[in-house]
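K.L.:
here are the coordinates; sequence isn't available:
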């Protein structure tokens, strides 16, 4: 079963310095029918104006991933983690027992466009942590690249949840497949471009919840960037 969440159905807020779309309920956007999917709690697509950003604020008991599409995102947190996240990078911050952090556009002239992703951890009260790794285009073009997992497989960042996150860059006509183990579920999020998930067409900003399927086939209808979440 594939249930599509269209881009124009998402929550939206334009704060001037921040233009944001919420796939699931977040902040002032509340939709009881879209509170998350399995352990996946938040997918926010954010565009932050030059020199602007999120001042220091706190989180706890959440696995937070930042995935940049364009520009640079400067991060600092109370674990000592920090740096600039750029396209091809993935940052993981485990909030655990509590962490303070800030995120700002690293540029004074260009906007930053990124996805903020939250997963509920498998257990509460873990020690806060930070990790950032780069996954160059040649590792993602025409293939699914594992970027986050509970066991750091294939050089992915470590998340404290039974979930595996993949990304791919697809040219027009390129196809990738992913097999779900029995009892597993998936979420597909199109960051850019347009793809076909089987017979279903998904465009930028669209997502899809998948259950009771064994093999997922993603085909690029145009140059595209896609994230795939394999979830318990």
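P.N.:
Alright, I've got the coordinates. Everything numeric here is computed off the predicted structure, so don't read it as measured data.

K.L.:
in the chain, which ranges drop under the pLDDT threshold?
P.N.:
Within the chain, no stretch has pLDDT under 70.

K.L.:
For it, which segments are assigned as helices?
P.N.:
137-140 (DSSP state H).

K.L.:
Quick check, central residue of it?
P.N.:
For the chain, the residue sitting closest to the mean C-alpha position, by Cα atoms, centre = their mean, is residue 117 at 4.3 Å.

K.L.:
Show me what that one is bridged to.
P.N.:
residue 43, residue 65 (DSSP bridges).

K.L.:
Between the two ends of stretch 199-218, what distance do you get?
P.N.:
This stretch, stretch 199-218, spans 10 Å end to end (Cα to Cα, to the nearest Å).

K.L.:
what comes into contact with it?
P.N.:
Here stretch 199-218 makes contact (Cβ atoms under 8 Å, 6 or more residues apart in numbering) with 1-8, 10, 21, 23, 37, 43, 45, 168, 170, 175-180, 185-198, 221, 226, 228. Heads up, the C-betas are built off the backbone N, CA and C, glycines and all.

K.L.:
picking that back up, check contacts around the residue nearest to the centre of the chain.
P.N.:
40, 42, 43, 44, 64, 65, 66, 67, 165, 227.

K.L.:
Next one: the first one from residue 100, what distance?
P.N.:
Going back to what we said before, that points to residue 40. Per Cβ to Cβ, to the nearest Å, residue 40 is found 24 Å from residue 100.

K.L.:
okay, those two: which has more neighbours?
P.N.:
Counted by other Cβ atoms under 10 Å, residue 40 and residue 100 do not tie: residue 40 has more neighbours, with 24 against 14.

K.L.:
right, and the more buried one touches residue 231 too?
P.N.:
Yes. Contact criterion Cβ atoms under 8 Å: residue 40 and residue 231 qualify, at 6.3 Å.

K.L.:
between these two, what contacts are shared?
P.N.:
Overlap of the contact sets of residue 40 and residue 231 (by Cβ under 8 Å, 6+ apart) consists of 163, 187.

K.L.:
The residue nearest to residue 116 when sequence neighbours are not counted: what's it in contact with?
P.N.:
Excluding the flanking residues, the one nearest residue 116 by Cβ to Cβ, 6 or more residues apart in numbering is residue 44, at 4.3 Å. By Cβ under 8 Å, 6+ apart, the contact list for residue 44 reads 20, 21, 22, 23, 26, 115, 116, 117.

K.L.:
Alright, I will stop here.
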